[in-house]
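Undergrad: pasting the sequence and the predicted coordinates here, then a few questions.
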Amino acid sequence: MTDILINEYFSAYASYPVIDVRSPGEFKKGHIVGAYNIPLFTDAERAHVGTVYKQKGPDKAMSLGLEYVTPKLRWFVEQAALVAPQKKVVVHCWRGGMRSHAFAEHLEENGFEDVKVIEKGYKAFRNFVLDSFTVEMQLKVIGGYTGSGKTRILSRLKEEGCQVIDLEGLACHKGSAFGSIGEDDQPTVEQFENNLFDQWRMLDFNRPVYVEDESHNIGAVKIPMGLYEKMKDAKVYFLNIPKEKRALALVKEYAGIDDDLLKQGILKITKRLGGLVVKEALQALENKDYFKVAMLTLNYYDKAYWRGVQKRDRHKIVYCELTNCDPLVNAAYIKQHVNG
């Protein structure tokens, strides 16, 4: 058993399976992407041990912990063997303390030939993740009004070999009141950052990296401050596409999925749209006039987005006058301006 620093894990042992021995609740809140959870304690057991530690001291807590762990010893080895059949594995807990070292020692005693423990555990990983977003880079931000097809442009740029981070894809949310429609459940804020880092660490920061312009919040998650500040300071390529074309694109994306969800989205922005507009939009929705719904809601979103654009350094805004939402044409246009 050998302790390794978190940067050593990524530089030398990232191919090893990772076993996270924290409780299921800790793991669910956030974990290293690809890690396997083999918890020493259930959530209830961990809470009980913590209570005993506070009330009766470390010796009593350790005795209770052993009572919980001892019946699981064989199961630990069996599960670890499924995860790491080559008997080479990285183990961690919250701070690289007793849980991870006891587990690692148990694996070594049962035939595992190369067991590494991450020094300072998951806490070290989290610090490493957040620090990574401060690196200098060539960030290119694709902006534009709602319905411009920014996400589709990112997909096209990725297909052409460009470096892309799809923040909305990672967040499982499109960023508006309608952003959760058709998406999986959002990750926790912590797991969003971890998932983002898993792509971030693979980037070549000597080459441009494309992202979509976003608010700090994407649904219930937040863009890490280090990255968000870079996005606000970066050059933005503002896609100026006629509203009617964008409304048609939104109809194609949202119409027919679930009118009840669309209704909920409209009601979320009642104060911003105004009662009369909401009433008109809901009537249009009932009539299946999705184009009218899109046009009415775009009136609000266009004004809100424009206010955000005006807060930027005007010298860092590249206005892209485009006629439609074709991602193939618009991606080529952006690449031409970036490379030109």
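TA: Structure received. Numbers count the residues shown, from 1 in each chain.
Undergrad: number of residues surrounding Glu105?
TA: Counted by other C-beta atoms under 10 Å, the residues lying close to Glu105 total 15. (C-beta placed from N, C-alpha, C; glycine too.)
Undergrad: next one: Leu248
TA: Leu248: 18 neighbours (other C-beta under 10 Å).
Undergrad: got a list of what it touches?
TA: Taking C-beta atoms under 8 Å, 6 or more residues apart in numbering as the criterion, Leu248 is in contact with Phe291, Ala294, Cys325.
Undergrad: pretty sure Gly219 is touching Gly175, no?
TA: Yes - Gly219 is in contact with Gly175 according to C-beta atoms under 8 Å; the separation is 7.1 Å.
Undergrad: show me the contacts for Asp313.
TA: Contacts of Asp313 (C-beta under 8 Å, 6+ apart): Asp233.
Undergrad: ok, back up a step: put the buried members of the contacts of Leu248 into a PyMOL selection.
TA: Listed next is the PyMOL selection for buried residues among those, using 16 or more other C-beta atoms under 10 Å:
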select buried, resi 294+325
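Undergrad: quickly note the distance from Val236 to Asn339.
TA: 17 Å (C-beta to C-beta, to the nearest Å).
Undergrad: more neighbours, the two?
TA: Just comparing Val236 and Asn339: by other C-beta under 10 Å the higher neighbour count belongs to Val236, 24 against 7.
Undergrad: returning to what we had before: looking at the contacts of Leu248, which are in strands?
TA: Taking DSSP state E, every one of these sits outside strands.
Undergrad: closest to Glu214 among the contacts of Leu248?
TA: Using C-beta to C-beta, Cys325 is the member of those that sits closest to Glu214, with 18.6 Å.
Undergrad: ok, that closest one - contacts?
TA: Neighbours of Cys325 in contact, by C-beta under 8 Å, 6+ apart: Gly147, Ser148, Gly149, Arg152, Ile241, Lys245, Arg246, Leu248, Ala249.
Undergrad: most neighbours among the residues you listed, which one?
TA: Neighbour max across the contacts of Cys325 (other C-beta under 10 Å) = Gly147, 27 neighbours.
Undergrad: domains in this protein, by residue range?
TA: 2-129, 137-339 (automatic domain parsing).
Undergrad: lowest-confidence stretch among those domains?
TA: Mean pLDDT across the domains of the chain is lowest at domain 137-339; the value there is a mean of 93.
Undergrad: list of residues touching the longest helix along the chain?
TA: Secondary structure of the chain per DSSP state H: the longest helix is helix 290-310. Helix 290-310 is contacted by residues 143-147, 176, 215, 236, 238, 243-244, 246-248, 250-251, 254-255, 262, 266, 269, 272-273, 277, 280-281, 284-285, 317 when judged by C-beta under 8 Å, 6+ apart.
Undergrad: where do the helices sit along the stretch 51-200 of the chain?
TA: Counting by DSSP state H, counting those that start in this stretch, the stretch 51-200 of the chain has helices at residues 58-69, 73-83, 98-109, 121-132, 150-159, 167-171, 189-200.
Undergrad: mind checking which of these is nearest Val211?
TA: Comparing the helices of the stretch 51-200 of the chain by C-beta to C-beta, helix 167-171 comes nearest, at 6.0 Å.
Undergrad: elements contacting the closest one?
TA: helix 189-200, strand 208-212, strand 217-218 (3 or more C-beta pairs under 8 Å, 6 or more residues apart in numbering; DSSP states H and E).
Undergrad: to Ile181, which of those lies closest?
TA: strand 217-218 (14.2 Å).
Undergrad: and the next helix or strand past that closest one?
TA: strand 221-222 (DSSP states H and E).
Undergrad: off-centre distance for that next one?
TA: 8 Å (C-alpha atoms, centre = their mean, to the nearest Å).
Undergrad: grab the nearest non-local neighbour of Gly143.
TA: Distances taken as C-beta to C-beta, 6 or more residues apart in numbering place Asp213 nearest to Gly143, at 3.7 Å, with adjacent residues excluded.
Undergrad: can you redo the helices and strands packed on helix 167-171 as JSON lines with distance to Thr51 and mean neighbour count?
TA: Shown next, in JSON lines, are these (distance: least, C-beta to C-beta, whole Å; neighbours: other C-beta atoms under 10 Å):
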{"stretch": "helix 189-200", "distance to Thr51": "24", "mean neighbour count": "19"}
{"stretch": "strand 208-212", "distance to Thr51": "45", "mean neighbour count": "21"}
{"stretch": "strand 217-218", "distance to Thr51": "35", "mean neighbour count": "18"}
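Undergrad: could you export these as JSON lines, including distance to Pro39?
TA: Below are those laid out as JSON lines (distance: least, C-beta to C-beta, whole Å):
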{"stretch": "helix 189-200", "distance to Pro39": "17"}
{"stretch": "strand 208-212", "distance to Pro39": "35"}
{"stretch": "strand 217-218", "distance to Pro39": "30"}
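Undergrad: just to revisit the earlier point, could I get the contacts of Leu248 as TSV with distance to Arg126?
TA: Below are the contacts of Leu248 laid out as TSV (distance: C-beta to C-beta, whole Å):
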residue	distance to Arg126
Phe291	46
Ala294	40
Cys325	39
